[in-house]
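Chemist: only geometry, no sequence info:
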């Protein structure tokens, strides 16, 4: 009977704290990883929102090319008018 009480005491006062210590050493990094994952998700959504207008850049580039052609034609016409006067 004494052996049973001694084994129970050892289990309670030695093994249980070691298990709790080891569990704490595993849980802390896991919670830190979860915080990092949440941070990555939050900023990933922010980057996605910031990149949303990028397809409009193709339209902008086409419009700028059209304006450039029209501006060159206009300047050429003005030069011909000035040269003809």
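Modeler: Sure thing, it's come through. Because the structure is a prediction, the values reported are computed rather than measured.
Chemist: longest helix anywhere in the chain?
Modeler: helix 16-51 (DSSP state H).
Chemist: Show me what counts as buried in it.
Modeler: Using 16 or more other CB atoms under 10 Å as the test for burial, helix 16-51 gives no buried residues. Where you see a C-beta, it was placed from the backbone N, CA and C, and this is true even at glycine.
Chemist: what angle sits between the least confident helix or strand in the chain by mean pLDDT and helix 16-51?
Modeler: Scoring the helices and strands of the chain by mean pLDDT, DSSP states H and E places helix 2-10 at the bottom, with a mean of 80. Helix 2-10 and helix 16-51 meet at an angle of 30 degrees, taking axes from the mean of the first three to the mean of the last three CA atoms, to 10 degrees as the criterion.
Chemist: that older thread, can you name the next helix or strand after the longest helix of the chain?
Modeler: Scanning forward in sequence from helix 16-51 by DSSP states H and E, the next helix or strand is helix 56-84.
Chemist: what pLDDT, on average, does that next one get?
Modeler: With pLDDT averaged residue by residue, helix 56-84 scores 91.
Chemist: how distant is that helix from the center of its chain?
Modeler: Put simply, helix 56-84 sits 40 Å off its chain's centre (CA atoms, centre = their mean, to the nearest Å).
Chemist: Now do the residue most central in space within the chain, the pLDDT please.
Modeler: By CA atoms, centre = their mean, the mean C-alpha position of the chain lies nearest to residue 44, the distance being 2.7 Å. Looking at residue 44, its pLDDT reads 90.
Chemist: ok, it to residue 57 distance?
Modeler: Distance of residue 44 to residue 57, given as CB to CB, to the nearest Å: 21 Å.
Chemist: now residue 70
Modeler: Applying CB to CB, the value for residue 70 to residue 57 is 20 Å.
Chemist: same deal with residue 47?
Modeler: Taking CB to CB, one finds residue 47 at 16 Å from residue 57.
Chemist: and what of residue 66?
Modeler: In terms of CB to CB, residue 66 sits 15 Å off from residue 57.
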